[in-house]
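Asks: I need the structure of the sequence given here:
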Amino acid sequence: MAAKFGPAGNSASFFEKGYKQTLDIPRYLTEMGLNAFEYQCGRGVNIGEEKAALFGSAAKEAGITLSLHAPYYISMSSVDEEKRLNSINYILSSARAANAMGADRIIVHTGSCGKISREEALVLAKDTMRLSLEALEREGLSHIHICPETMGKVNQLGTLDEVLSLCELDERLIPCIDFGHLNARELGFFKTFADYEGVFRAIGDRLGEERLKNFHSHFSKIEWTAGGEKRHLTFADTVYGPDFEPVMELTCKYGCNTRFICESDGTQAEDAKTMRDYYESL
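Replies: Numbers count the residues shown, from 1 in each chain. Predicted coordinates for the structure are as follows:
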C-alpha cells in the first residue's frame, strides 16, 4: 500500500487534450501518471447507475481509486429538522452513486454554525451523522465510508477538532483533512514542520493508527481573508500556502496510505502529479 494521488474533477488540460466525456477520465489520468480521482457531485448527484458502473469499470481497469464528493448543500448542523433529514437523503444518494462506480468513500461538508454556538452545531451534526450511518446500513451500504471534511471558512463547522469529534462516533467514519482549508480558516496556520505534524499526531491520538494510515485528504493552496477561505489557487502561488512538501514527508514518516485529492484551480491534475513525484522521491 502507498499514498494515492489525483484531482477533484477535471483540469483544464483534460479538455485541452480533446477529452470530453466522463469515460475518458481514466485514460487521461493514466497519461498524467495519477491513480486516484474524486467524482464531483457538489451541485447534486446527477450520474445514473448505468453510467456510473461503466465509469467505475474503466477506472478499475486503469488502476484508478475513486471517491465521490457529496452535494455542497448538505447541512448536518441545521436547526431546521427538514434540512437535516434532507441531508441524510443527499448522503444516501451519494452513497448509491459511489457504490455503483466502485468508490468506497463520500466526502461531506457538515454545515455551518449559523446563529447557534459551535457546540450546539456539533451536537446536531453528530445526530445527523448517526442517522446517516443507520440509513446506509438499512440500504446495505455500510461499506461506503463517510468522510467529514475540515472546512475553510471561520463560520463553518469543520475545525480539525470538530471533524475528529464526528469521526469518534463510529470507526467507519474517515476524516477528510483539507490542509488548505485548515490553513485558511486559521489565517495562515501552517508555519513550521511541527504545525503539519500536529495534524498527523491528532488523527492518530484521537482515532487510532488505522485511520491515521488511511485518512482522506484534499490539498490546494488557498487565498484567505479575515473570514477564512476566499478562493483556490495553484501551486504557482508563493503567498498563501500551505506547502505540500512537509505533508508528503510526514505521510512517509507515518507510513500513511492517504488519498490526496488536489483541488487547485484548473491545474489539479498537474499539481497532484507534482505531489506524487515529490512523495515518490522520498
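
Asks: list the buried residues in stretch 114-122.
Replies: Under the neighbour-count criterion of 16 or more other C-beta atoms under 10 Å, stretch 114-122 has 121, 122 buried. Any C-beta I mention is one placed from the backbone N, CA and C, and that applies to glycine too.

Asks: measure that stretch end to end?
Replies: 12 Å (C-alpha to C-alpha, to the nearest Å).

Asks: make 43 the starting number, not 1.
Replies: With 43 as the first residue, the last one maps to stretch 156-164.

Asks: run the chain-centre distance for it.
Replies: Mean-position distance between stretch 156-164 and its chain equals 23 Å (C-alpha atoms, centre = their mean, to the nearest Å).

Asks: same question for stretch 296-312.
Replies: Distance of stretch 296-312 from its chain centroid, counting by C-alpha atoms, centre = their mean, is 10 Å.

Asks: report the buried residues of that stretch.
Replies: Buried, per 16+ other C-beta under 10 Å, within stretch 296-312: 296, 298, 300-307, 309-312.

Asks: quick one: mean pLDDT for the helix or strand containing residue 128?
Replies: Using DSSP states H and E, the element containing residue 128 is helix 123-143. In this model, helix 123-143 has a mean pLDDT of 96.

Asks: doesn't residue 149 lie inside a strand?
Replies: Yes - assessed by DSSP: H, G, I helix; E, B strand; the rest coil, residue 149 belongs to a strand.

Asks: my read: it touches residue 189, true?
Replies: Yes - between residue 149 and residue 189 there is a contact under C-beta atoms under 8 Å: 4.7 Å.

Asks: so where do the helices sit in the stretch 143-292 of the chain?
Replies: In the stretch 143-292 of the chain, the segments counted as helices under DSSP state H, counting those that start in this stretch are 160-180, 202-209, 221-227, 235-249, 251-255, 287-295.

Asks: can you spell out which helices and strands pack onto the helix or strand following the last one?
Replies: Along the chain past helix 287-295, the next helix or strand (assigned with DSSP H and E) turns out to be strand 301-304. Contacts of strand 301-304 with other secondary structure elements, assessed using 3 or more C-beta pairs under 8 Å, 6 or more residues apart in numbering; DSSP states H and E, are made with strand 46-49, strand 78-82, strand 107-111, strand 258-261, helix 310-323.

Asks: related to what we said a few turns ago, any chance of a markdown table for the buried residues of stretch 296-312, columns distance to residue 105 and pLDDT?
Replies: As requested, the buried residues of stretch 296-312 are arranged in a markdown table below (distance: C-beta to C-beta, whole Å; pLDDT from 0 to 100):
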| residue | distance to residue 105 | pLDDT |
| --- | --- | --- |
| 296 | 24 | 98 |
| 298 | 19 | 98 |
| 300 | 17 | 98 |
| 301 | 13 | 98 |
| 302 | 16 | 98 |
| 303 | 16 | 98 |
| 304 | 18 | 98 |
| 305 | 22 | 98 |
| 306 | 23 | 98 |
| 307 | 27 | 98 |
| 309 | 23 | 98 |
| 310 | 19 | 98 |
| 311 | 16 | 98 |
| 312 | 19 | 98 |
